[in-house]
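Novice: give me the fold of what follows.
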Amino acid sequence: MITSWDGSEWQVFVALPDEARWPHVPFPIGAGIPSPAARRSALSSLGYAPVADDHHTWEWMETTFEGDPDGTVSLIATTTVAPHTPDA
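Specialist: Reported below is the predicted structural model:
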């Protein structure tokens, strides 16, 4: 999960190798940081689920992106996911 390049939304996404555009679900910045339940729901809508169903599995970090002329700090949250298998 990261803030969009223009700072208008959070984006919960799945980073897929060899894909130019990653699937994502947007959340308005004004609504606050998406809750762990909202993030799980977003991942589920993309066909994925966290490997461990625990909000503590999200790791937060701050970073700046190479080439950003302003040196803006971005907040990123990561977790490990696997393809979601529907309950039988």
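Novice: show me what Trp60 bridges to in the sheet.
Specialist: Ala77 (DSSP bridges).
Novice: what is the burial count for it?
Specialist: 10 (other C-beta atoms under 10 Å). C-beta: built from backbone N, CA, C; applies to glycine.
Novice: I'd guessed it sits against Ile33; true?
Specialist: No: if you go by C-beta atoms under 8 Å, Trp60 and Ile33 don't touch, sitting 9.7 Å apart.
Novice: which outside residues touch stretch 48-62?
Specialist: 1, 14, 36, 39-40, 43, 73-84 (C-beta atoms under 8 Å, 6 or more residues apart in numbering).
Novice: of those, buried ones?
Specialist: Met1, Val14, Pro36, Arg39, Arg40, Leu43, Ala77, Thr79, Val81 (16 or more other C-beta atoms under 10 Å).
Novice: okay, the first one: pLDDT?
Specialist: On pLDDT, Met1 comes in at 90.
Novice: and it, what does it touch?
Specialist: Applying C-beta under 8 Å, 6+ apart, the residues near Met1 are Trp10, Gln11, Val12, Phe13, Pro34, Arg39, Trp58, Ile76, Ala77, Thr78.
Novice: show me the contacts for the first one.
Specialist: Meaning Trp10. So Trp10 contacts Met1, Ile2, Thr3, Ser4, Pro26, Phe27, Pro28, Ile29, Ile33, Pro34 (C-beta under 8 Å, 6+ apart).
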